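Peer 1: Only the shape, not the letters, is given here:
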């Protein structure tokens, strides 16, 4: 059950309402500073206390007098994904047109909010996401473990989500159009740390256009709740599940294309070549008789052709990244108007 307390009534117009959702769990040291740095372009700020042991919501209610702030509470800890979805639904109920998600630990610069919102208002994207790896000079300030972990996760996420043009998948600085939120399967999206990666998978299934927004990250005394063991085992299995689902949805259930045939033939020939070659290799060891050139070719040729088919499928998949918007809520807002704001 969610308990909501509001500081002031909604008075903003539907087409100009920008909302910010801040999921809160053990961020009491930073949350007031984050709220203070949110600029006047934002009309609504949702503090979602996910059963925080530091009672962040009470702190905000007592110390923060910003009339834009609304407080939402989870009676039990449900995870960052559930907190964000709670904020999304509240923002939509209050008439928000674009919803930005910002973490409460102070790592994300609120002055970049309009950079995330502008592509959505300009009909250039359905969803925008931060990328901390865009500028090589910024990468030097990152902890080595974060660089290595994000590089691995990014490649795996590209395969599972289908957004081959997107990097830094665990980045939680995002913005989404309200129309896109309405299409999301709220009950199916991961409720905890896999939320950001799962969102990309769900958005690909919806054929939403996603773009990266270059940003800098700040690393201070905040402590991450994400553990390496969770990334390696939990994330790995979920990425594999999403990859299989995406391939089945996009290439067999919704449509059957040349890429679908390439995938089937490629896998069949590859596994046939490996299995046949392994069997002949085992027989050769048992009989101490070398395999003939024809036998070797009968194993190698299917593997070579199979790999070529799979490369063709991969090329098609990379070229199939959604490039047109799913939602078009703001036809009256032009690029010039947004730039002049």
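Peer 2: Arrived safely. Small disclaimer: the values here were computed from a predicted structure and weren't measured.

Peer 1: any chance you could map the helices in the protein?
Peer 2: For the chain, helices defined by DSSP state H occupy the ranges 31-36, 56-63, 80-93, 113-121, 136-139, 144-161, 178-183, 195-205, 228-229, 236-248, 258-287, 293-319, 335-340.

Peer 1: Any idea which helix or strand in the protein has the lowest mean pLDDT?
Peer 2: Every helix and strand in the chain was compared by mean pLDDT, DSSP states H and E; the lowest is helix 335-340, with a mean of 40.

Peer 1: ok, residue 265 - contacts?
Peer 2: By Cβ atoms under 8 Å, 6 or more residues apart in numbering, residue 265 lies in contact with 306, 309. For the C-beta atoms, the positions are set from N, CA and C on the backbone; glycine is no exception.

Peer 1: Which pLDDT value belongs to the closest residue to residue 119 other than its chain neighbours?
Peer 2: Excluding its sequence neighbours, the residue lying closest to residue 119 (Cβ to Cβ, 6 or more residues apart in numbering) is residue 125, at 4.2 Å. For residue 125, the model assigns a pLDDT of 93.

Peer 1: what about residue 125, neighbour count?
Peer 2: Other residues within reach of residue 125, judged by other Cβ atoms under 10 Å, total 25.

Peer 1: for it, what are its contacts?
Peer 2: Counted by Cβ under 8 Å, 6+ apart, residue 125 has contacts 119, 209-211, 325.

Peer 1: What separation is there between the nearest residue to residue 92 once chain neighbours are set aside and residue 96?
Peer 2: In this structure, residue 92 finds its nearest non-sequential neighbour in residue 178, 5.4 Å apart by Cβ to Cβ, 6+ apart. Distance of residue 178 to residue 96, computed by Cβ to Cβ, to the nearest Å: 6 Å.

Peer 1: which of these two has more neighbours?
Peer 2: Between residue 178 and residue 96, counted using other Cβ under 10 Å, the more crowded position is residue 96 (27 against 20).

Peer 1: The more buried one touches residue 19, doesn't it?
Peer 2: Yes. Under the criterion of Cβ atoms under 8 Å, residue 96 makes contact with residue 19 at 3.8 Å.

Peer 1: I'd like the contacts of residue 125 as a markdown table, with neighbour count and distance to residue 312 appended.
Peer 2: Formatted as a markdown table, the contacts of residue 125 follow (neighbours: other Cβ atoms under 10 Å; distance: Cβ to Cβ, whole Å):
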| residue | neighbour count | distance to residue 312 |
| --- | --- | --- |
| 119 | 23 | 32 |
| 209 | 22 | 25 |
| 210 | 24 | 25 |
| 211 | 17 | 27 |
| 325 | 20 | 28 |
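
Peer 1: Tell me how the protein divides into domains.
Peer 2: 2-251+324-340, 256-319 (automatic domain parsing).

Peer 1: Of these, flag the one that's most buried.
Peer 2: Per-stretch averages of neighbours, counted by mean count of other Cβ atoms under 10 Å, single out domain 2-251+324-340 among the domains of the chain, with a mean of 18.

Peer 1: where's residue 122 relative to residue 167, distance?
Peer 2: 22 Å.

Peer 1: ugh, typo on my part, it should be residue 105
Peer 2: From residue 105 to residue 167 the distance is 21 Å (Cβ to Cβ).

Peer 1: now do residue 73
Peer 2: For residue 73 relative to residue 167 (Cβ to Cβ), the value is 34 Å.

Peer 1: swap in residue 249?
Peer 2: Residue 249 is 23 Å from residue 167, by Cβ to Cβ.

Peer 1: Residue 144 too?
Peer 2: Counting by Cβ to Cβ, the gap from residue 144 to residue 167 is 17 Å.

Peer 1: go on, residue 33?
Peer 2: 28 Å.

Peer 1: and what of residue 281?
Peer 2: 40 Å.

Peer 1: With adjacent residues omitted, what lies nearest to residue 89?
Peer 2: Nearest residue to residue 89, sequence neighbours excluded (Cβ to Cβ, 6+ apart): residue 186, at 7.5 Å.

Peer 1: Test my guess that the one you found contacts residue 85.
Peer 2: Yes. Residue 186 sits in contact with residue 85 when judged by Cβ under 8 Å, with a separation of 5.5 Å.

Peer 1: rank the helices of the chain by mean pLDDT and give me the bottom one.
Peer 2: For the helices of the chain, where the average pLDDT is lowest is helix 335-340, sitting at a mean of 40.

Peer 1: list the contacts for residue 51?
Peer 2: Here residue 51 is in contact with 25, 73-78 (Cβ under 8 Å, 6+ apart).

Peer 1: so residue 250 touches residue 162, yeah?
Peer 2: Yes. The pair formed by residue 250 and residue 162 meets the contact definition of Cβ under 8 Å, at 7.2 Å.

Peer 1: Please consider this matter closed, and thank you.
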